[in-house]
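Undergrad: kindly return the folded structure for what I paste below:
(one chain, ligands or ions: 1)
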Amino acid sequence: MSVRVRFAPSPTGHLHVGGARTALFNWLLARSTGGTFVLRVEDTDRDRSSEEMVEGILHGMEWLGLDWDEGPSFQSAGLERHRADALRLLDLGRAYRDFTTAEELGAIRAADPARATRYPREQADRLSPEESEARLGAAEAHAIRFRMPPGETSWEDLVHGPTRFDNDDIEDLVLLRSDGTPTYNLAVASDDAEMRISHVIRGDDHLSNTPKQILIHEALGRSIPKFAHVPMILGPDGKRLSKRHGATAVGDYEEKGILPEAMVNFLALLGWSPGTDEEVMTREELIQKFSLDRVLKKSAIFDQAKLEWLSGQHLSRLPAVDLVDRVLDELEPMHRAWARDRGPWFVGVVDLLKRRARTVGDIAAKAEMFFDSSVDPEPEAVKKHWAKDPHGAAELLSALHEAFVDVNWDAESLESTVRSLAHERGIGAGKVIHPLRVALTGQAVSPGIFEVLFFLGRELTLRRIREATAHLRGIRAPSA
Ligand code: GLU
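TA: Numbering: from 1, shown residues only. Here you go, the predicted structure:
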C-alpha cells in the first residue's frame, strides 16, 4: 500500500510550531517512502477561518520547504459528501435523528451527567419511525448523531502502541448539526476516506477523536488508516507551549532571521530522534533517517536557545553564495545596492561573518561595519584596549597607518606587517591587534583581524585609523 498522508490545518490562526511539526512529520514520511503528501485546509469553521490565515499557512510551509503533492483542497468543498455520509449512517441504522434541544440536554446534564451521554438516544428510540418522519416533515430542528456501538475501540498506534477506548465512555457524537453543517469528526473521517489517506499523523490532542473516526470508517465499511499521535510540545517550564513562552508562530522565526533549514531540523527533533547523538541535519538527511518508529512518546520541550544554536550551525555550513541574497534582503536599502555591485567581495564578507552568526540578521548587522561609515567605538572596548594608555595606542595606530599605506593588500602581507611591528617593539601581537580592532570595528571582538582588514580595504582602513587616532588624542590619560 503506498503511503498517502495529509496535513490538515484549520485556518483559524497562524501556522504554529506544533502544526508545522505535524506537517513536517507527514512530509518526511511521504518523502522517505515515495508517498504522497496532501494538503487539506479544514475551513469548516467559516466564522473563524480566513483567507489571510490560509495564505499565511501556505507561505509558512513554502518557507520551510514542505512542498505538497496534492491540494490545497478545502474541506468546505466536501459539504455534500459529508452530509451524504451522515445520511448513509442513518440508513444503516448507525446514526439517529436527535430532536432534543440544547436546553433539554443541558438540564439533563446538570441533573444526571451519566444519563446525558445516552439521553438523546433514549429519546430517539422512543420515537416510532412515523413520528420521526412527521417531525422531519415539519422541518423540526434536529441533529444527526452517531450511535456508539457497545464494546471497545482499539488500534495499534504507531507511536503509542496498542490503544483502546471503552465505547461506553464516548457519547453519541453529533455528525450533522441542526443547521446541517458537519462536525469535525464526520468531515475528517469522510475526507480521509475520500483521499485514501493511509496514515493519519497528528498531535496527541486528537487521541480521543480517533475512536470516533475509526467507528465512522467501520460503520461505512471503509478501510481504516493507520494512526500515529505525536507528543505534545511543552515550554521549558513543562507547561503546554503557548504564547506565554514567547514566539510560537513559524512566521515569527522567519522574521527573526532563523534559517528555514534550521527550523526544519529543530522541528524534526521535537519528538523524534535519529537514534544517534547527531543533531545537525539537512532536509535530505532527515528524509533519509526519518521513520515513525523513532517518534518518541514523551512530550518534547521547546528550547529556543537550541533553535538559535542550530541556526548558527546551519549558517556556518551553508555556502556563502547561497546566503548572499538573504543577507542582502536584510540590509539597509542604501547598502544593499552598494553590496550587490561588489558581488564577489560581498560573498567574502558573508563567508567571514557566517562563522559566528546565528541568524541572517546577525550577518547583515555585522556586515554594516564593512560599509563606508565611521566607527563609534563601544565604551567597553575603549575601556579594555584604549583607555589605559591612549597616547601609546594613538602612537601605535599611527605607525600602523604608515605601514599600511603601501603594503600589498592581502591577508598574508597584512598579517606580517602587524606581526613585525609588534616584534620590533618587543610586544605581543595581541597588544597591536586589540587597539587596532577597536579602531576598525569599534568592538572588542570581531572576526579575524587580518580578514577584517582585507575586506575593509586600504582606504577605509586608513580613514578609520586616522579617526581613531584623533579620538585617542582627545582622551585624557589616566593620571596614575
Ligand atoms: N484540523 C485539525 C487541526 O488543525 C486537524 C485534524 C486532523 O489532523 O485530523 O487540529
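
Undergrad: tell me the secondary structure at the closest residue to the ligand within the stretch 201-350 of the chain.
TA: In the stretch 201-350 of the chain, no residue comes nearer to the ligand than Arg202, which is 3.7 Å away by C-beta to the nearest ligand atom. (Each C-beta comes from the backbone N, C-alpha and C, glycine too.) Of the three states, Arg202 takes strand under DSSP: H, G, I helix; E, B strand; the rest coil.

Undergrad: report how many residues lie close to it.
TA: When neighbours are counted by other C-beta atoms under 10 Å, Arg202 registers 23.

Undergrad: who's it bridged to?
TA: Counting by DSSP bridges, Arg202 forms beta bridges with His229.

Undergrad: pull the contacting residues for it.
TA: By C-beta atoms under 8 Å, 6 or more residues apart in numbering, the residues touching Arg202 are Ala8, Thr22, Ala228, His229, Val230.

Undergrad: list the contacts for the last one?
TA: Put plainly, it is Val230. Per C-beta under 8 Å, 6+ apart, neighbours of Val230: Arg21, Thr22, Phe25, Val159, Ile201, Arg202, Gly203, Asp204, Gly271, Val295.

Undergrad: residues in contact with the fourth one?
TA: Looking back up the chat, that one is Val159. Applying C-beta under 8 Å, 6+ apart, one finds that Val159 lies in contact with Ala228, His229, Val230, Pro231, Leu292, Val295, Leu296, Lys297.

Undergrad: re the thing from before, give the PyMOL command for selecting the buried subset of the contacts of Val230.
TA: Entered in PyMOL, the line below selects the buried ones among the contacts of Val230, by 16 or more other C-beta atoms under 10 Å:
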select buried, resi 21+22+25+159+201+202+203+204+271+295
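
Undergrad: tabulate the contacts of Val230 in JSON lines, adding columns for pLDDT.
TA: Shown next, in JSON lines, are the contacts of Val230 (pLDDT from 0 to 100):
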{"residue": "Arg21", "pLDDT": "98"}
{"residue": "Thr22", "pLDDT": "98"}
{"residue": "Phe25", "pLDDT": "98"}
{"residue": "Val159", "pLDDT": "97"}
{"residue": "Ile201", "pLDDT": "98"}
{"residue": "Arg202", "pLDDT": "97"}
{"residue": "Gly203", "pLDDT": "95"}
{"residue": "Asp204", "pLDDT": "93"}
{"residue": "Gly271", "pLDDT": "95"}
{"residue": "Val295", "pLDDT": "96"}
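
Undergrad: closest one of the contacts of Val230 to Gly137?
TA: Lowest distance from Gly137 to the contacts of Val230 (C-beta to C-beta) belongs to Arg202, with 40.6 Å.

Undergrad: confidence-wise, which helix or strand of the protein is lowest on average?
TA: When the helices and strands of the chain are scored by mean pLDDT, DSSP states H and E, helix 113-116 comes last with a mean of 87.

Undergrad: how far away from the center of its chain is that one?
TA: Between the centre of helix 113-116 and the centre of its chain there are 42 Å (C-alpha atoms, centre = their mean, to the nearest Å).

Undergrad: how about that helix: buried residues?
TA: Ala116.

Undergrad: what does the protein have sitting close to the ligand?
TA: Within reach of the ligand by C-beta under 6 Å from any ligand atom, the chain has these residues: Ala8, Pro9, Ser10, Glu42, Val188, Arg202, His206.

Undergrad: what's the longest helix in the chain?
TA: helix 449-474 (DSSP state H).

Undergrad: so which elements touch that one?
TA: helix 343-353, helix 390-404, helix 411-425, helix 429-441 (3 or more C-beta pairs under 8 Å, 6 or more residues apart in numbering; DSSP states H and E).

Undergrad: how far does it sit from its chain's centre?
TA: With C-alpha atoms, centre = their mean as the basis, helix 449-474 stands 41 Å off its chain's centre.

Undergrad: just to revisit the earlier point, buried ones among the contacts of Val159?
TA: With burial judged by 16+ other C-beta under 10 Å, the buried subset of these is Ala228, His229, Val230, Pro231, Leu292, Val295.

Undergrad: let me see the contact set for the closest residue to the third one other than its chain neighbours.
TA: Counting by C-beta to C-beta, 6 or more residues apart in numbering, Val230 lies nearest to Gly271, which is 5.2 Å off, once chain neighbours are set aside. Contact partners of Gly271, counting by C-beta under 8 Å, 6+ apart, are Arg21, Phe25, Val230, Pro231, Ile233, Val295, Leu296, Ser299, Ala300.

Undergrad: switch the cut-off to 7 Å
TA: Arg21, Val230, Pro231, Val295, Leu296, Ala300 (C-beta atoms under 7 Å, 6 or more residues apart in numbering).

Undergrad: so which of those belong to helices?
TA: Short answer: these in helices (DSSP H) are Arg21.

Undergrad: which of the contacts of Gly271 sit farthest apart?
TA: Arg21 and Leu296 (12.3 Å).

Undergrad: pLDDT score for the residue nearest the centre of the chain?
TA: Centroid check for the chain by C-alpha atoms, centre = their mean gives Val250 as the closest residue, at 4.1 Å. You'll see Val250 listed with a pLDDT of 96.

Undergrad: thought it was touching Leu15?
TA: Yes. Val250 is within contact range of Leu15, at 4.7 Å (criterion: C-beta atoms under 7 Å).

Undergrad: need the overlap of contacts for these two.
TA: With C-beta under 7 Å, 6+ apart, Val250 and Leu15 have common neighbours Gly60.

Undergrad: which positions in stretch 191-209 come out as buried?
TA: Buried positions in stretch 191-209, judged by neighbour count with 16+ other C-beta under 10 Å: 191-193, 195, 197-204, 206, 209.

Undergrad: swap in stretch 31-42?
TA: Along stretch 31-42, these residues count as buried under the neighbour rule (16+ other C-beta under 10 Å): Arg31, Ser32, Thr33, Gly35, Thr36, Phe37, Val38, Leu39, Arg40, Val41, Glu42.
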